[in-house]
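Participant: Provided below for reference: sequence and predicted model.
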There are 2 protein chains.
Amino acid sequence: MKCRKCSKTAVIRLRQHNTAFCEEHFNEYFEKRVERTINEYSMFNKSEKLLVAVSGGKDSSVAWYVLKKLGYTTSGLFIDLGTENNTEIVKKISEKTGEELLIVNGKQYFGGLTVAEISRIVKRPTCSICGLIRRYIMNKVAYEKNFDAVITGHNLDDEVSFLLGNVLNWQVEYIKRQAPVLESNGRLIKKAKPLVWLTEKEIYVYALINRLTFSTERCPFSKNASSLKYKKVLNELEITQPGVKLRFYKEFQKKDLFGSDNEEKARLSECAICGYPTTGKVCSFCRLEEMVKDAMGKQED
Amino acid sequence: MKCRKCSKTAVIRLRQHNTAFCEEHFNEYFEKRVERTINEYSMFNKSEKLLVAVSGGKDSSVAWYVLKKLGYTTSGLFIDLGTENNTEIVKKISEKTGEELLIVNGKQYFGGLTVAEISRIVKRPTCSICGLIRRYIMNKVAYEKNFDAVITGHNLDDEVSFLLGNVLNWQVEYIKRQAPVLESNGRLIKKAKPLVWLTEKEIYVYALINRLTFSTERCPFSKNASSLKYKKVLNELEITQPGVKLRFYKEFQKKDLFGSDNEEKARLSECAICGYPTTGKVCSFCRLEEMVKDAMGKQED
Ligand SMILES: [Zn+2]
Ligand SMILES: [Zn+2]
Ligand SMILES: [Zn+2]
Ligand SMILES: [Zn+2]
């Protein structure tokens, strides 16, 4: 198979676009596509300060690298929760981008406990605890350091598997919060996902071509068994219907079927403990901290 | 595995309900479930005259048999389109129910042509032509003979695969028309699907237990390749998440997310040729008849 643009031997075939590219033109395609996604959903512009949440995995590494390459103002944020040992990896990406890397010790909030230990104490799944802690710290750092947006590396496969799971259960509240960009609201900093039009495979190939260092261990974010099952099923459908994943995602965003998230935003108030936005009196992060403190106190008795 | 009710050996295990039944109690469960579906969606009552569209396949045969058994006033309608040779089979079901069977020769409208021939002439897929002709004749017969509702044998697998296909493409107009009951509107007779809470497997087992005669050939209604693919994928998900199909369907109906079909109903007017409802000037059935006549005329020149 030849590159659609230059007729060199292609390194990747994109059935969803009925095309194929060599290394050089795949890079060009990939970067243009990120730029188009940013513009399509009015995510952010070049004067805004972006905080890219990096985990050491390919998605967030590629997000940071490509945003820097496209001329955006970026810093990286690595939250060390003791679940993986990716500090060296994210430092290498920071060197590659030439941009500042912030490293936050997430365990400090929970007396040095790891996510696994916390999840055992509060009897909730690791990935839900991990996600909660990361989202909170990401937002807190972005707010305190005056960033305009938090960037995550969510890709098309993440988004469609999440969407499918929520559609199968008609979890409309979750579906609403799945927008590619969620605007700022007080101390809640804007969140954006510039890789939502690119598949896992495309991101993986981009990372390889551009010699990015990344960890191949599973992303510590909510990659649970059912989301993997949904990915598998959607990839099966993609074989017979190339483009179905992209269409599923884009049409959904375009049609805006479930309305926006504004009702919920109106219900947000300040957490009585930390002051960050919550729908209750005390935010779920502070509640988690309390629960862990209580449990630790009891152990010491 | 033992029957949940009487501890005889079970003939079917229903993982979605975490139960199992013997023949007798499966029949009881099945019939109660149809009754509950009819009541849940206010489909029809025992004073209404029901016209059950039968094809010779298991779904419509079971629909007719179980409605009769539950005490509803039913007649069967078989539309002979020359695609299958099920006349003898539907006669046997008629005998089994003891109810009147109407047989309509569908080919009379198209100069004796079969669906396959018509679809070649108008260059449209067989299943779309077949569905169009059947729906039109079903409604016409029901209207002319004063029936209150047309009953079809659509099962849960039909409904969820259709729903999934439409959700993947966000075909909201199709999704809206997928209700378990569509009320009458002038010459458009009410349509109801009392088997929507039962799977293909359950219906198949019910047909076997009750010694119903049915054809195992594919239903001539729209069972196209992608709907089979969606069924496969949903059955895969059902293995790891028993009940996902039922939940997908029921929650969707309950939440009524896309609003009703009323806008479209308001746009219906009478077909200039036949007088039956259409959104255009001439209904799609009459347009099909015209196209076929034109083509036949040309052939004779
Ligand atoms: Zn090229
Ligand atoms: Zn708080
Ligand atoms: Zn029993
Ligand atoms: Zn007409």
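Facilitator: Yes, it's here. Ligands and ions are numbered 1, 2, ... in the order given.
Participant: neighbours around A:T114, how many?
Facilitator: 16 (other C-beta atoms under 10 Å in any protein chain shown). C-betas here are computed from N, CA, C, even on glycine.
Participant: can you check the one 10 residues further on too?
Facilitator: A:R124 is surrounded by 14 other residues when neighbours are defined as other C-beta under 10 Å.
Participant: can you tell me the SS state at it?
Facilitator: Following DSSP: H, G, I helix; E, B strand; the rest coil, A:R124 is assigned to coil.
Participant: any idea how far A:I118 is from it?
Facilitator: Computed with C-beta to C-beta, to the nearest Å, the distance linking A:R124 and A:I118 is 9 Å.
Participant: check which helix or strand covers A:P194.
Facilitator: Under the criterion of DSSP states H and E, A:P194 resides outside all helices and strands.
Participant: kindly report the same for A:K96.
Facilitator: helix A:87-97.
Participant: other SSEs contacting whichever helix or strand comes after that helix?
Facilitator: On the C-terminal side of helix A:87-97, the closest following helix or strand by DSSP H and E is strand A:101-105. When contacts are defined as 3 or more C-beta pairs under 8 Å, 6 or more residues apart in numbering or on different chains; DSSP states H and E, strand A:101-105 packs onto strand A:73-80, helix A:87-97, helix A:126-144.
Participant: distance of A:R13 from chain B?
Facilitator: Look at A:R13 and chain B: by C-beta to the nearest C-beta, to the nearest Å, they are 22 Å apart.
Participant: what's around A:G275, how many residues?
Facilitator: Using other C-beta under 10 Å, A:G275 has 13 neighbouring residues.
Participant: what sits against it?
Facilitator: Going by C-beta atoms under 8 Å, 6 or more residues apart in numbering or on different chains, A:G275 touches A:R187.
Participant: the same query, at a cut-off of 10 Å, please.
Facilitator: Residues in contact with A:G275 (C-beta atoms under 10 Å, 6 or more residues apart in numbering or on different chains) are A:143, A:186-187, A:283, A:286.
Participant: with respect to B:K229, which of those is nearest?
Facilitator: The closest of the contacts of A:G275 to B:K229 turns out to be A:C283 (C-beta to C-beta; 43.5 Å).
Participant: now the closest residue to A:N155 other than its chain neighbours. Its backbone dihedrals?
Facilitator: Spatial nearest neighbour of A:N155, chain neighbours left out: A:L195 (4.9 Å); criterion: C-beta to C-beta, 6 or more residues apart in numbering or on different chains. The phi and psi values for A:L195, taken as degrees, to the nearest 10, are phi -100, psi 10.
Participant: A:L195 and A:E35 touch, don't they?
Facilitator: No - counting by C-beta atoms under 10 Å, A:L195 stays clear of A:E35, with 11.8 Å between them.
Participant: between these two, who's got more neighbours?
Facilitator: A:L195 (29 against 16).
Participant: near chain B, which residues of chain A?
Facilitator: A:160, A:163-165, A:167-172, A:175, A:225-226, A:229-230, A:232-234, A:236-237, A:239-241, A:244-245, A:247-255, A:257-258 (C-beta under 10 Å from any C-beta of the partner chain).
Participant: so which of those belong to helices?
Facilitator: Residues from the residues of chain A next to chain B lying in helices, with DSSP state H as the criterion: A:160, A:163-165, A:167-168, A:172, A:175, A:225-226, A:229-230, A:232-234, A:236-237, A:239-240, A:244-245, A:247-255.
Participant: buried among these? Make that a PyMOL selection.
Facilitator: To isolate the buried members of those in PyMOL, using 16 or more other C-beta atoms under 10 Å in any protein chain shown:
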select buried, chain A and resi 160+163+164+165+167+168+172+175+229+230+233+234+237+244+245+247+248+249+250+251+252+253
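Participant: in CSV, list the contacts of A:G275 along with distance to B:E217.
Facilitator: Listed next are the contacts of A:G275 as CSV, based on distance: C-beta to C-beta, whole Å:
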residue, distance to B:E217
A:Y143, 65
A:G186, 63
A:R187, 64
A:C283, 60
A:C286, 63
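Participant: in PyMOL, how would I select just the buried ones from the residues you listed?
Facilitator: Filtering these down to the buried ones (16+ other C-beta under 10 Å) takes a single PyMOL command:
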select buried, chain A and resi 143+187+283+286
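Participant: Serialize the contacts of A:G275 to JSON lines and add fields for distance to ligand 4 and pLDDT.
Facilitator: As requested, these are exported to JSON lines (distance: C-beta to the ion, whole Å; pLDDT from 0 to 100):
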{"residue": "A:Y143", "distance to ligand 4": "64", "pLDDT": "97"}
{"residue": "A:G186", "distance to ligand 4": "59", "pLDDT": "88"}
{"residue": "A:R187", "distance to ligand 4": "62", "pLDDT": "93"}
{"residue": "A:C283", "distance to ligand 4": "62", "pLDDT": "94"}
{"residue": "A:C286", "distance to ligand 4": "66", "pLDDT": "95"}
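Participant: now for the contacts of A:G275: which two are most distant?
Facilitator: For those, the farthest-apart pair by C-beta to C-beta is A:G186 and A:C286; their separation is 16.6 Å.
Participant: which residues of chain A score low on pLDDT?
Facilitator: Across chain A, the ranges flagged by pLDDT under 70 are A:83-84, A:218-224, A:259-266, A:299-301.
Participant: which bits of it sit near ligand 1?
Facilitator: Within reach of ligand 1 by C-beta under 5 Å from the ion, chain A has these residues: A:3, A:5-6, A:8, A:22, A:25.
Participant: now the residues you listed as CSV including neighbour count and secondary structure?
Facilitator: What follows is the residues of chain A next to ligand 1, written out as CSV (neighbours: other C-beta atoms under 10 Å in any protein chain shown; DSSP: H, G, I helix; E, B strand; the rest coil):
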residue, neighbour count, secondary structure
A:C3, 19, coil
A:K5, 16, coil
A:C6, 12, coil
A:K8, 13, coil
A:C22, 20, coil
A:H25, 19, helix
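Participant: now flag whichever of those residues is closest to ligand 2.
Facilitator: A:H25 (48.0 Å; C-beta to the ion).
Participant: tell me the contacts of the closest one?
Facilitator: Counted by C-beta under 10 Å, 6+ apart, A:H25 has contacts A:3-6, A:8, A:10-12, A:19.
Participant: how about a cut-off of 6 Å?
Facilitator: For A:H25, the contacting residues are A:3, A:5, by C-beta atoms under 6 Å, 6 or more residues apart in numbering or on different chains.
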